[in-house]
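Asker: this one's sequence-less:
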């Protein structure tokens with residue numbers, strides 16, 4: 001059924017019934033690490049971890065060691081780790097040629113012949129550039145630990161640096177069953193998906209047809225729910241949504257949420273590179289007098305930022321490209337900034353990085369997602385999200401606590417001149433961006449990264 005009114009569309013979505021005590025919001029990266037490890041340690045039936053990557057470093061090792069310990073303690077546990085196929089079989093961007101994490105998975109499997117922990121590589125496209133596994137959700141028994149974080153040192157705050165994300169625990173058997181069912185029945189059942197903890201995975205070119213078939217199937221898949229799990233109208237509930245490719249249900253929901261805003265919209269994104277439809281929605285909201293807060297990372301808090309004291313790599317120009325986007329937007333909307341309708345907030349905790357995504361709409365809806373709200377997320381990657389319906393504002397205290405923690409390290413842009421221009425950037429960045437602008441290559445880069 002189609003609805004012209006965005007609120008009618010949102011209210012008609014199926015949703016799992018929740019009680020306020022079923023939801024816990026964490027606001028600390030270290031607490032996320034300890035909570036995830038604690039849940040793995042006490043798992044009784046199943047553990048399904050889905051992330052872009054499980055990295056071969058101290059943080060990643062903590063998680064993998066916890067999984068092997070859980071298997072040893074309870075051999076009957078269902079355990080599956082799903083990571084991006086391409087990302088797992090290469091080194092880090094800008095670090096030169098190296099064996100990927102898959103080699104580490106295989107080494108660890110050989111050390112634990114009696115405690116199997118299956119690590120699956122999921123290819124969303126035949127090339128990483130054109131789409132990756134960006135599904136989120138760590139499911140342990142009937143609890144969904146949802147975060148945009150991957151599994152490595154900075155996301156888990158192992159060591160001095162952290163990468164800040166959002167962290168929510170939702171205990172609901174129906175939701176957990178639905179998310180596991182999609183992984184098992186659609187993703188793991190595909191011949192495109194192969195174990196990476198076992199030697200000799202197939203070459204990507206040999207499974208191209210299977211990869212295309214998986215993407216096609218995913219584009220027609222969704223999370224299932226049972227009638228008995230449905231929330232009553234006007235009550236607290238959660239809707240899981242899947243998205244891959246253009247005009248998918250998650251993209252549609254994000255646009256509907258923004259369009260439905262009556263008084264106050266809050267947006268978090270790590271990269272200011274919003275798709276055109278979302279920019280259009282924001283401008284329309286501002287024209288209606290709606291308050292819009294956009295919380296974005298300072299360029300130095302971007303995970304691609306390279307300090308000027310270190311050797312320059314092309315990937316290091318991205319944070320400057322995003323800042324240039326933000327400056328143009330601020331200049332165009334300066335009147336809204338002056339009037340207080342538009343609040344652009346830069347997050348910066350020196351030495352650390354920012355990776356938050358999501359929407360808050362009028363205290364009634366909250367979207368938690370791994371979607372970066374950029375053109376790549378809207379057309380290339382496999383994404384998901386959880387929409388919390390809270391018409392009685394039962395989660396208001398948790399929401400305010402989370403937003404207060406996020407805003408603690410932000411400063412407001414009062415004028416577009418507060419942001420640097422290309423002329424102030426390091427010379428290698430200035431030359432590259434000038435050359436890109438001349439041939440309009442920055443538009444292509446914005447779509448792909």
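Answerer: Sure, I can see it. Please read all numbers here as calculations on a predicted model, not as lab measurements. Residues are numbered from 1 along each chain as shown.
Asker: quick one, phi psi at the closest residue to residue 413 other than its chain neighbours?
Answerer: Closest residue to residue 413 apart from its sequence neighbours, by Cβ to Cβ, 6 or more residues apart in numbering: residue 344 at 4.2 Å. (Each C-beta comes from the backbone N, C-alpha and C, glycine too.) Per-residue torsions, residue 344: phi -100, psi 120 (degrees, to the nearest 10).
Asker: Help me confirm that residue 344 comes into contact with residue 337.
Answerer: Yes: with contact defined as Cβ atoms under 8 Å, residue 344 counts as touching residue 337 (6.8 Å).
Asker: Which one's more surrounded, the two?
Answerer: Per other Cβ atoms under 10 Å, whichever of residue 344 and residue 337 has more neighbours is residue 344, with 25 against 20.
Asker: Now for residue 344 and residue 337: what residues contact both?
Answerer: Common neighbours of residue 344 and residue 337, using Cβ atoms under 8 Å, 6 or more residues apart in numbering, are 330, 413.
Asker: check which helix or strand covers residue 411.
Answerer: strand 410-412 (DSSP states H and E).
Asker: Tell me, how many residues neighbour residue 236?
Answerer: 22.
Asker: give the contact list for it.
Answerer: 17-20, 388-392, 394-395.
Asker: And residue 304, by the same measure?
Answerer: Per Cβ under 8 Å, 6+ apart, neighbours of residue 304: 315-316, 318-319.
Asker: related to what we said a few turns ago, can you turn the buried part of the contacts of residue 236 into a ChimeraX selection?
Answerer: One line in ChimeraX is enough to select the buried members of these, burial here meaning 16 or more other Cβ atoms under 10 Å:
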select :17,18,388,389,390,394,395
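Asker: Present the contacts of residue 236 as TSV; the columns should include distance to residue 413.
Answerer: Below are these laid out as TSV (distance: Cβ to Cβ, whole Å):
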residue	distance to residue 413
17	41
18	36
19	39
20	35
388	29
389	32
390	29
391	33
392	34
394	33
395	29
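Asker: Just give me the closest of the contacts of residue 236 to residue 327.
Answerer: The closest of these to residue 327 turns out to be residue 388 (Cβ to Cβ; 33.0 Å).
Asker: Doesn't that closest one belong to a helix?
Answerer: No: according to DSSP: H, G, I helix; E, B strand; the rest coil, residue 388 belongs to no helix; its state is strand.
Asker: Would you enumerate the residues in contact with residue 422?
Answerer: Residue 422 neighbours (Cβ under 8 Å, 6+ apart): 320, 324, 429-430, 433-434.
Asker: Ok, residue 428 next?
Answerer: Contact analysis of residue 428 by Cβ under 8 Å, 6+ apart lists 312, 317.
Asker: Confirm that it sits in a helix.
Answerer: Yes: under three-state DSSP, residue 428 falls within a helix.
Asker: Need the pLDDT of the most centrally placed residue in the chain.
Answerer: Per Cα atoms, centre = their mean, the C-alpha nearest to the average position across the chain is that of residue 370, at 1.6 Å. If you check residue 370, the pLDDT there is 97.
Asker: go on, the one 4 residues further on?
Answerer: Reading off the confidence values, residue 374 has pLDDT 95.
Asker: Show me which of the contacts of residue 304 is closest to residue 120.
Answerer: For the contacts of residue 304, the nearest to residue 120 is residue 315 (27.4 Å; Cβ to Cβ).
Asker: Distance check, the closest one against residue 428.
Answerer: Distance, residue 315 to residue 428, using Cβ to Cβ, to the nearest Å: 12 Å.
Asker: Overlap in contacts, these two.
Answerer: Common contacts of residue 315 and residue 428 (Cβ under 8 Å, 6+ apart): none found.
Asker: Please flag which of the contacts of residue 304 sit within helices.
Answerer: Judged by DSSP state H, the subset of the contacts of residue 304 located in helices is 318-319.
Asker: could the contacts of residue 304 be laid out in a markdown table, adding pLDDT?
Answerer: Supplementary listing: the contacts of residue 304 in a markdown table, determined by pLDDT from 0 to 100:
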| residue | pLDDT |
| --- | --- |
| 315 | 88 |
| 316 | 91 |
| 318 | 91 |
| 319 | 94 |
